[in-house]
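[1] Starting from these lines, generate the structure:
(one chain, ligands or ions: 2)
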Amino acid sequence: MNTEKQQGLFDEGTPLPGPMPWEEAAVEDVLIAEIALNKPLDDQYSYIVPDPLRERIRTGGRVRVPFGRGNRFEYGFVTALKTAADYRGNGTSQGVPKRLKSIESLVDEEPLIESQMLQLTKWIADYYLCGWGQVLHSVVPAGVRRGAGTRLETFVALTPEGEQALATHSLGRKQRAVAEILKSRNEPVLATEVAAAADCGTGPIRELERKGFVERLKIRSEVELAAAANVDKTEEFHPTAEQAASLEKILGTIQSGEHRTILLHGVTGSGKTEVYIRAIEEVVSYGRQAIVLVPEISLTPQTIRRFRRRFDSVAVLHSHLNDADRHAHWKRIKSGDVQVVVGARSAIFAPTPRLGLVVIDEEHETSFKQDTTPRYHAREVAEQRTRFAGVPLVLGSATPTLESWHAAKTGRYDLVSMRKRVGNLEMPPVTVVDIRNDPQVRKGQAIGRILTSSIRSALEEGSDEQPGDGQVILFLNLRGFSPAVWCPACGSSLRCDDCDITMTWHRDIRRVLCHSCAREADVPKACPSCGHQGWKFVGAGTQKLEDEVRAKFPEYSLARMDSDSMKRPGSHDEVLSAFRDGKIRILLGTQMIAKGLDFPNVTLVGVIDADTLLHQPDLRSSERTFQLIAQVAGRTGRSHRGGRVLVQSANPADPAIRRAAEHDYLAFSASEMQDREVMAAPPFRHYARVILRGEVESDVKRAARALADRIRQCSDAGGTGVSVLGPAPAPISKLRKLHRFHLQLAATESESLRALWRRVEADMPRTPGVELAIDVDPINMR
Ligand SMILES: Nc1ncnc2c1ncn2[C@@H]1O[C@H](COP(=O)(O)OP(=O)(O)OP(=O)(O)O)[C@@H](O)[C@H]1O
Ligand SMILES: [Zn+2]
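    Ligands and ions are numbered 1, 2, ... in the order given. Take a look at the predicted model:
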């Protein structure tokens, strides 16, 4: 961390002499800007606003400032504008700004960040213990920061001296023509436009500029945005009784004009989306905007079409947008021209001018937490944003996180439930199949005997009208061909040179791949540990599963969906629409196919291995197992054709698996909640995880110990009630060549963690070559 500081506003410690009377006026007149730089520091830096910028500078806009001893130029956001008077009377000093540097130039004519967003980003910086500037930097998309898709153009304007000169000086004919045009327009005009209007070259303009009669401005010009596609606006349902009840609750909150968070717990297929849409229709009718957050992978044409059908103006923010499109969307949203913003995590920062509602669909998804600084959770940010705006937040899920469930149980959230599927459809029966003694599995196959015959019958038996058009979804949470390359002589597996991770065999590229750092390598002829020749490829990933399914069901069309097969933008949509049209009969894949899909002909879902998440060293492994099985199971039985689910497991008695099979979220959450309480785990305790990493293992270890000592010291001294766990090597002890140690802070009150950390930070022990990251409310323990 950088501790370099610009000369502060006040020389702490040394009392300053009061200003001389003749200095007073000048000091009163000084305008000072507080600037947040893109650095992991909480500090604001004060700069003098030079006179020419006084009228144009705005909070929320960016400026270029000299920083540090070398006066390197840095970009920063203006977070506040103050006069010297604002610094007086705070009791700390005389408040005379002194030896401040000046802002070099303005970057934005219009502020990028509105005042409520400024407040929100400050909250994020405080809550997640990172720099305000870092947050500001990350909430504005790169395309917006760079002005992608717009051009920087030269405008000219008449200065006050120029105006005077026009009245009193004798100017050359062409110079006078230019000045007259600028005076009559009374705003900056494109230099080329003035030249054309005055019928001259740029010479006279430059001459006026040299005399100080004209100033030159660089301003970005806009690019036309393509009109939104026209969609047939139909699809109206008569809401079910449960939908109507949920809606009534949400509408009541909207009309109350107050912030509340509403947890909409609705089983898969209960029609949550329809509830969101109607609630949004209400706020749109008041001329307000809504933001809908969905997991990236749900940004399918299917979801988007549903919103486009019901609203005139929908902006979709997905990760494949280029910078120019992103910028265009940003501006359109900012202008108030967009009714609904649908997007992944970062769409929570969409600059809607009159926010009326935020919806987070599938609120349990881990992708709502960012795993780089600022490590925010979109749900918490959304809660603050809607609180500041005084509007409701709706969280929807069939399998809410224990955090949200706890909040609903204790009254912090309101709870509405939808227990039945739309159209009186039954939840599909789920059978857990014990594969420990399955003859096919024992031979190394991924699909056991019972699942094989179930797949066959699902594909063969159809309805009376159309025999044999059933479809099958097979879910396996591991990509690649074999998750381990194992030496039968010494028992070691091939590991990544840079990470503490076994390499996965990818047969398509005929190499092993590290799923953490994406490093590729050839498989050595002989085992590096013992020299034995003859590797065993152990376990099955989706590629191997694909082979097996093709071999067993050669007559049926199949598609594999995982991040390897879906690299090309659009390929995901293509496969889903082929599946919808019945051109694909078997769809197999990873999490990508686990959520949101709504296909009536899917009569069988097979979970190849329910245990992949179960034995992770993570306190949420049961919760994740439950969620995943319940979500995948939800992909079938979505029409009168019905459907069933087979879950293969070597732990068929595991409570998470059993409860998911019974579709019993209430029982699962009740028992899991008890376990969490006993373990002093979230949601009963708040955690912050500190990760240290560096190239030299002993340095990292030493730094972790020193930091832990310092934390314990501060904690004991402050009587904070924070417990400190560790340090210990992180579960992944090496990642991308860096050794990792972590320690965890736990407390009943989240605020105690922050108070403690701020004390620690004030005098942080530093070890060269060791980086540190802090993750508040971590959900990833690797
Ligand atoms: N009131 C209704 N009448 C008839 N059909 C409806 C009604 N509401 C929703 N549907 C349809 O029911 C299906 C399921 O709805 P939806 O996808 O919103 O469920 P969901 O609760 O979001 O499920 P999941 O959690 O599985 O994503 C959709 O095809 C939707 O068009
Ligand atoms: Zn690696």
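[2] measure stretch 581-598 end to end?
    Counting by C-alpha to C-alpha, to the nearest Å, the length from the leading to the trailing residue of stretch 581-598 is 13 Å.
[3] just stretch 329-339 next, same as before
    Stretch 329-339 end-to-end distance (C-alpha to C-alpha) = 12 Å.
[4] likewise stretch 474-484?
    Using C-alpha to C-alpha, the span of stretch 474-484 from its first residue to its last is 21 Å.
[5] Tell me the buried residues in that stretch?
    Neighbour counts using 16 or more other C-beta atoms under 10 Å place 474-484 of stretch 474-484 among the buried residues. For the C-beta atoms, the positions are set from N, CA and C on the backbone; glycine is no exception.
[6] ditto for stretch 206-219
    Under the neighbour-count criterion of 16+ other C-beta under 10 Å, stretch 206-219 has 207-209, 213-215 buried.
[7] a markdown table for the residues you listed, including secondary structure?
    Shown next, in a markdown table, are these (DSSP: H, G, I helix; E, B strand; the rest coil):
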| residue | secondary structure |
| --- | --- |
| 207 | helix |
| 208 | helix |
| 209 | helix |
| 213 | coil |
| 214 | strand |
| 215 | strand |
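[8] would CSV of those with distance to ligand 2 be doable?
    Conversion of the buried residues of stretch 206-219 to CSV gives the following (distance: C-beta to the ion, whole Å):
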residue, distance to ligand 2
207, 63
208, 62
209, 57
213, 63
214, 59
215, 55
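[9] what does stretch 767-779 contact?
    1, 127-130, 366, 369, 373, 375, 377, 380, 620, 682, 686-696, 699-700, 702-703, 706-707, 738, 750, 753-754, 757, 764 (C-beta atoms under 8 Å, 6 or more residues apart in numbering).
[10] So which of those residues belong to strands?
    The members of the contacts of stretch 767-779 that map onto strands under DSSP state E are 686-694, 738.
[11] pretty sure residue 127 is touching residue 757, no?
    No - shown here, residue 127 and residue 757 do not form a contact pair, counting by C-beta atoms under 8 Å, at 11.3 Å.
[12] picking up where we left off before, could I get the ones in strands among the contacts of stretch 767-779 as TSV with pLDDT, distance to residue 490 and neighbour count?
    Conversion of the ones in strands among the contacts of stretch 767-779 to TSV gives the following (pLDDT from 0 to 100; distance: C-beta to C-beta, whole Å; neighbours: other C-beta atoms under 10 Å):
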residue	pLDDT	distance to residue 490	neighbour count
686	95	44	19
687	95	39	21
688	95	40	22
689	95	35	22
690	95	36	24
691	95	32	21
692	95	32	27
693	95	30	22
694	95	31	23
738	94	27	20
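[13] Quick check: of those residues, which lies closest to ligand 2?
    Of all the ones in strands among the contacts of stretch 767-779, residue 738 has the smallest distance to ligand 2: 10.7 Å, by C-beta to the ion.
[14] and residue 64, which of the three is it?
    Local secondary structure at residue 64 is given as strand here, using three-state DSSP.
[15] what's it in contact with, if anything?
    73-75, 103-107.
[16] before we move on, the earlier item: filter the contacts of stretch 767-779 down to the buried ones.
    Once neighbours are counted (16+ other C-beta under 10 Å), the buried part of the contacts of stretch 767-779 comes down to 127-130, 369, 373, 375, 377, 380, 620, 682, 686-694, 699-700, 702-703, 706-707, 738, 753-754, 757.
[17] all helices for the stretch 101-250 of the chain, in order.
    Listed in chain order, the helices found in the stretch 101-250 of the chain under DSSP state H, counting those that start in this stretch are 115-127, 132-139, 142-145, 160-168, 173-185, 191-197, 203-210, 241-256.
[18] The third one - contacts with which helices or strands?
    For helix 142-145, the helices and strands in contact under the criterion 3 or more C-beta pairs under 8 Å, 6 or more residues apart in numbering; DSSP states H and E are helix 323-334.
[19] What is the subsequent helix or strand relative to the helix it packs on?
    Counting by DSSP states H and E, the next helix or strand C-terminal to helix 323-334 is strand 340-343.
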